[in-house]
Structure formats: C-alpha cells, structure tokens
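Asker: Structure, please.
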Amino acid sequence: MDGGFPGLGTVVNVVAVVLGASLGMLAGNRLPDRVRRVVTDCLGLVTLLVAILSALDVTSPALEDTVGSGVPVLIVLGALLLGGIVGALLRIEERLESLAGVVQGWVQRRGAKGQHDHAERERFIEGWLTASLLFCVGPLTILGSLSDGLGRGIDQLVLKSALDFFAAIAFASTFGVGVLLSAVSVAVVQGGLTLLGVTLGAVVPEAHIAALTATGGLLLIGIAFRLLNVRHIPVGDLLPSLLVAPLLVSIVAQFR
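Answerer: Residues are numbered from 1 along each chain as shown. Below you'll find the predicted structure:
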C-alpha cells in the first residue's frame with residue numbers, strides 16, 4: 001500500500017486507537033462491575049499470551065548470531081536490572097502516577113474524593129500504561145514505522161491499526177479514558193520512529209528489535225500480573241530497560 005506521506009501510517013493507527021477507545025468507553029459505562037472484573041481477567045490472560053509470544057524473541061536466530069549463543073537471556077536480564085535501577089532512582093513509577101493524576105483531573109473532572117478517587121487514578125494509570133506498552137512495543141511498531149519513514153508503504157501499520165482498534169475497545173471498556181490517552185503514546189513513539197526512518201534512511205538491525213521485543217514482553221508479563229492481581233510490579237520503573245536492551249546488543253556485538 002502506498003504510504004502517501006511519511007507518517008500516514010501513524011495517523012491511521014492513532015485514529016484507530018481513538019475510535020476503539022471511544023467505543024470501548026461507551027460500552028464500559030453500561031457494564032456492571034462484575035462484568036468489568038471478568039473483562040479485566042480476560043485482558044490479563046490475553047496480555048500474558050502476547051507477552052509470552054514477545055518474550056520468545058529472546059530465541060531469535062538474528063540475536064544469537066549477533067551476540068552469541070546463551071547471551072540473549074543475559075542481555076534481557078542486564079537490561080531489566082540496569083533499566084530498573086535507573087527507573088527506581090528516577091522514581092519513574094511515582095512520577096507517572098503524579099502525571100496521571102494531573103492529566104486525569106484535566107480530562108475527567110468527576111468522581112468522589114478519597115478512596116474512590118484513588119481507585120479511579122489507579123484505573124487510569126493501568127489503562128494508559130497497559131495500552132501504551134501493548135500498542136508501542138513489538139516488531140510491527142518498529143518495522144512498520146521505519147518502513148513508513150523509508151517510503152516503503154504502510155501495510156504493516158494498517159494491519160497493526162486493525163489489531164489495536166479491537167484491543168482498544170476491550171481495554172477501554174474496563175479502564176476508560178486512560179486507554180484513550182495511549183493514542184498520544186502511539187503518536188510519539190511511532191512518529192519518532194518514522195522520523196528516524198526518514199532521517200537515517202536505514203532500518204534498525206533485526207537483533208536490536210528482537211532484544212527490545214523480548215524485554216518488552218517481560219514488561220507486559222508484569223502488566224498481566226497486575227491485571228490478574230498476582231503482584232503489583234512497578235513496570236514504570238522498568239521502562240528504561242527498553243532503551244538499555246538494544247544498547248547492550250550493540251556493546252556486546254563490538255566485543256565479539
């Protein structure tokens with residue numbers, strides 16, 4: 001499919017998320033709490049499935065060829081440890097909660113004070129963080145955005161948009177306006193990658209994408225655990241690991 005202009009694929013994706021989230025919010029307002037809890041459990045299980053599939057990229061032949069056999073797992077471990085330490089020192093999770101509270105107050109000026117207000121804020125954060133990770137981490141995001149920037153078409157992003165549309169409906173029916181905000185995350189991440197493709201005129205090596213996807217998969221597992229009330233993992237503090245993983249691949253490759 002002809003890309004039209006650089007960034008068209010991202011525009012289509014953002015519109016798909018906005019429409020899906022809007023439809024999901026309309027449906028969610030009509031669902032009883034018991035149904036919402038079942039939907040949340042289903043989303044947790046599906047997120048876990050997507051996470052496992054993403055994490056399996058640690059076995060990517062391209063990644064093993066670049067860094068050596070047995071090293072990919074260590075790279076993911078190193079990315080999580082280093083990224084988690086940086087995130088904890090920067091208090092990213094805490095700052096995201098504060099930011100979410102400010103944005104929620106601006107977007108959604110309703111609801112009671114106290115415990116209900118805190119519950120609404122947690123729901124807002126879960127919706128934004130879960131949807132943002134799900135929509136912004138993965139091969140289709142990276143390859144599709146770079147392909148768009150290189151003028152090779154938007155087919156991959158059109159496929160991703162269709163998937164994100166239905167996912168946004170499901171997530172927004174439970175988490176509400178936080179999922180709608182994830183459209184901003186999609187615009188920033190995919191827009192930046194598209195610009196990178198336009199500027200550099202080259203794709204990111206497959207090994208780096210595999211390391212990023214595998215690390216992102218583990219972050220999604222953390223999100224799934226939160227959705228299923230298994231354990232509240234501070235995924236926000238682990239976000240820097242998504243930058244550390246490709247960097248470690250480059251460093252290790254230099255010493256082979």
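Asker: which of the residues in the helix or strand where residue 73 lies are buried?
Answerer: If you go by DSSP states H and E, residue 73 is part of helix 71-90. Residues 71-72, 75-76, 78-80, 82-84, 86-88 are the ones in helix 71-90 that count as buried (16 or more other C-beta atoms under 10 Å). (Each C-beta comes from the backbone N, C-alpha and C, glycine too.)
Asker: I'd like to know which of those residues is nearest to residue 211.
Answerer: Set against residue 211, the nearest of the buried residues of helix 71-90 by C-beta to C-beta is residue 75 (5.7 Å).
Asker: surely that closest one meets residue 247?
Answerer: No. Using C-beta atoms under 8 Å, residue 75 makes no contact with residue 247, being 9.7 Å away.
Asker: Past the helix or strand of the chain with the lowest mean pLDDT, which element shows up next along the chain?
Answerer: None of the helices or strands of the chain scores lower by mean pLDDT, DSSP states H and E than helix 92-107, at a mean of 66. Downstream of helix 92-107, the next assigned helix or strand under DSSP H and E is helix 115-136.
Asker: and that next one, what does it pack onto?
Answerer: Secondary-structure packing of helix 115-136 (3 or more C-beta pairs under 8 Å, 6 or more residues apart in numbering; DSSP states H and E): helix 8-28, helix 33-55, helix 92-107, helix 155-175, helix 177-200, helix 206-227, helix 235-238.
Asker: and the angle from it to helix 155-175?
Answerer: Counting by axes from the mean of the first three to the mean of the last three C-alpha atoms, to 10 degrees, helix 115-136 points 170 degrees away from the direction of helix 155-175.
Asker: Pull the residues that contact helix 115-136.
Answerer: Residues outside helix 115-136 that contact it (C-beta atoms under 8 Å, 6 or more residues apart in numbering): 13, 17, 21, 43, 47, 50, 96-97, 100-101, 103-104, 108, 111, 141, 164, 167-168, 171-172, 174-179, 181-182, 185-186, 189-190, 216, 219-220, 223, 226-227, 235-236.
Asker: mind listing what's buried in it?
Answerer: For helix 115-136, a neighbour-count test (16+ other C-beta under 10 Å) marks 120-136 as buried.
Asker: same check, this time on stretch 32-43
Answerer: Neighbour-count burial for stretch 32-43 [16+ other C-beta under 10 Å]: 39-40, 43.
Asker: Also stretch 155-167?
Answerer: 156-158, 160-161, 163-165, 167.
Asker: Sounds good, over and out.
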